[in-house]
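Asker: Sequence plus the predicted model coming up.
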Amino acid sequence: MSLKFTMDVLELLDDPKANGEKVVSLFKDKEFCEASFETVEGEAGATDFVKILVKGTAGKSQGGQAPTLGIIGRLGGLGARPTRIGFVSDGDGAVAAVSAALKLAVMSEKGDRLEGDVLITTHICPDAPTMPHEPVEFMGSPVDILTMNQYEVMDEMDAILSIDTTKGNKVFNHKGFSISPTVKSGYILKFSDDLVRIMEMTTGDLPQTFAVTTQDITPYGNEVFHINSILQPAVATDAPVVGVAITVKSAVPGSGTGASHEVDIAQAVRFSIEVAKEFTLNKVSFYEEKEFQRLQSLYGSMKHLQTLGSE
């Protein structure tokens, strides 16, 4: 199931010539799918932003009203060539996002179409730069976070799963994947009971979650510590965002090669697909609307945390 697609996509992207065109070609004959890419130049090179739409039977793309789930594969790069040879740990988010898109596209062709649209975005760069970070080295990116959000966060997304390798730390000590509390409009909200339930179902294990700090939900560039970029999509939208972190027990550099675990990525893919099935049927809630409104009435807007601040 998800593991097959994960292995196929990982093999495709573990290539110094990996690009958006090769990813888009996976979807060229898929009936209920649209895929495109755009090459964007940055200060440290170029990357291909990929956008994949899997159309639902009553999705907005068809004139319907069913909600749209966004799945973002967040990363700096697939590789750190020529510094490192091969696929780096940081690329897992792209693999997960493309694998989820491919599985959903094949399901749709077979007749298992979702009610709502699923919009998947990521970027493809086999030769990204590296950057210093504690406790282990980070992957950089040819483009900045603002550009990533511009191409990966879409207005059509009613809720977002942001999938990102989150191994370069000593505080998340579980091998597999973990989910964050919901982040919306500058507020860190409670964990979604629905997403916890789906995680238990798809893993057959107790749910694994990870902590989020105020620093993590502010934009890069404000010179405060961020665990990584997993929740950066939340600074560019008012839609609820949940991080899906691919994690390990020890601190692994984002630029480390031979550090991607197919089964762990496939778990995140399977989780994302099940969330897509239920969310587009209005059977999953990322947050409780009444409680969010209550917080706002008591404490006001927190949207200033989505900005670089007043300095």
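Answerer: Looks like it arrived, so ask away. Given the structure is predicted, the values throughout are model-derived calculations rather than measurements.

Asker: what helix or strand is the closest residue to residue 74 other than its chain neighbours on?
Answerer: Excluding its sequence neighbours, the residue lying closest to residue 74 (CB to CB, 6 or more residues apart in numbering) is residue 164, at 4.0 Å. (Each C-beta comes from the backbone N, C-alpha and C, glycine too.) Element membership for residue 164, per DSSP states H and E: strand 159-165.

Asker: packing partners for that strand?
Answerer: Counting contacts by 3 or more CB pairs under 8 Å, 6 or more residues apart in numbering; DSSP states H and E, strand 159-165 is packed against strand 69-73, helix 92-110, strand 241-247, helix 262-279.

Asker: and that strand, how far out from the chain's middle?
Answerer: Distance of strand 159-165 from the chain centroid (CA atoms, centre = their mean, to the nearest Å) equals 3 Å.

Asker: Isn't the residue nearest to residue 74 up against residue 226?
Answerer: No - counting by CB atoms under 8 Å, residue 164 stays clear of residue 226, with 11.3 Å between them.

Asker: what ranges do the strands span in the protein?
Answerer: Using DSSP state E, the strands assigned to the chain run over residues 33-42, 45-54, 69-73, 118-124, 130-131, 138-139, 159-165, 176-179, 183-184, 187-188, 241-247.

Asker: where does the stretch 101-250 of the chain dip in pLDDT?
Answerer: For the stretch 101-250 of the chain, the stretches flagged by pLDDT under 70 are 136-137.

Asker: Pull out the buried positions in stretch 258-273.
Answerer: 259-260, 262, 264-273 (16 or more other CB atoms under 10 Å).

Asker: That should have said stretch 273-282, apologies.
Answerer: In terms of neighbour count (16+ other CB under 10 Å), stretch 273-282 has its buried residues at 273, 274, 275, 276, 277, 278, 279, 280.

Asker: Now tell me what touches it from outside.
Answerer: The contact list for stretch 273-282, computed with CB atoms under 8 Å, 6 or more residues apart in numbering, reads 2, 56, 59, 66-69, 71, 100, 103-104, 114-118, 158-159, 161, 194-195, 198, 201-202, 284, 286.

Asker: Separate out the buried members of those residues.
Answerer: Buried by 16+ other CB under 10 Å: 2, 56, 59, 66-69, 71, 100, 103-104, 114-118, 158-159, 161, 194-195, 198, 202, 284, 286, out of those.

Asker: Give me the distance between the closest residue to residue 76 other than its chain neighbours and residue 290.
Answerer: Excluding its sequence neighbours, the residue lying closest to residue 76 (CB to CB, 6+ apart) is residue 139, at 3.4 Å. Here the criterion is CB to CB, to the nearest Å. By it, residue 139 lies 40 Å from residue 290.

Asker: right, and residue 200 touches residue 209 too?
Answerer: No - look at residue 200 against residue 209 with CB under 8 Å: they stay out of range, at 11.5 Å.

Asker: Which one of these two is surrounded by more residues?
Answerer: residue 209 (17 against 13; other CB atoms under 10 Å).

Asker: Can you give me every residue that contacts that one?
Answerer: Applying CB under 8 Å, 6+ apart to residue 209 gives the contacts 178, 179, 180, 181, 191, 196.

Asker: can you pick the most crowded of those residues?
Answerer: Busiest of these [other CB under 10 Å] is residue 180, holding 26 neighbours.

Asker: The closest residue in space to that residue that isn't next to it in sequence: how many residues sit nearby?
Answerer: Counting by CB to CB, 6+ apart, residue 243 is the residue found nearest to residue 180 once chain neighbours are left out, at 3.7 Å. For residue 243, the neighbour count with other CB under 10 Å is 32.

Asker: Wait, residue 243 touches residue 212, no?
Answerer: Yes - using CB under 8 Å, residue 243 is in contact with residue 212, at 7.4 Å.

Asker: Overlap in contacts, those two.
Answerer: Counting by CB under 8 Å, 6+ apart, the shared contacts of residue 243 and residue 212 are 180, 183, 231.

Asker: Verify the stated contact: the first one with residue 210.
Answerer: Yes - the pair residue 180 and residue 210 qualifies as a contact (CB under 8 Å) at a distance of 5.7 Å.
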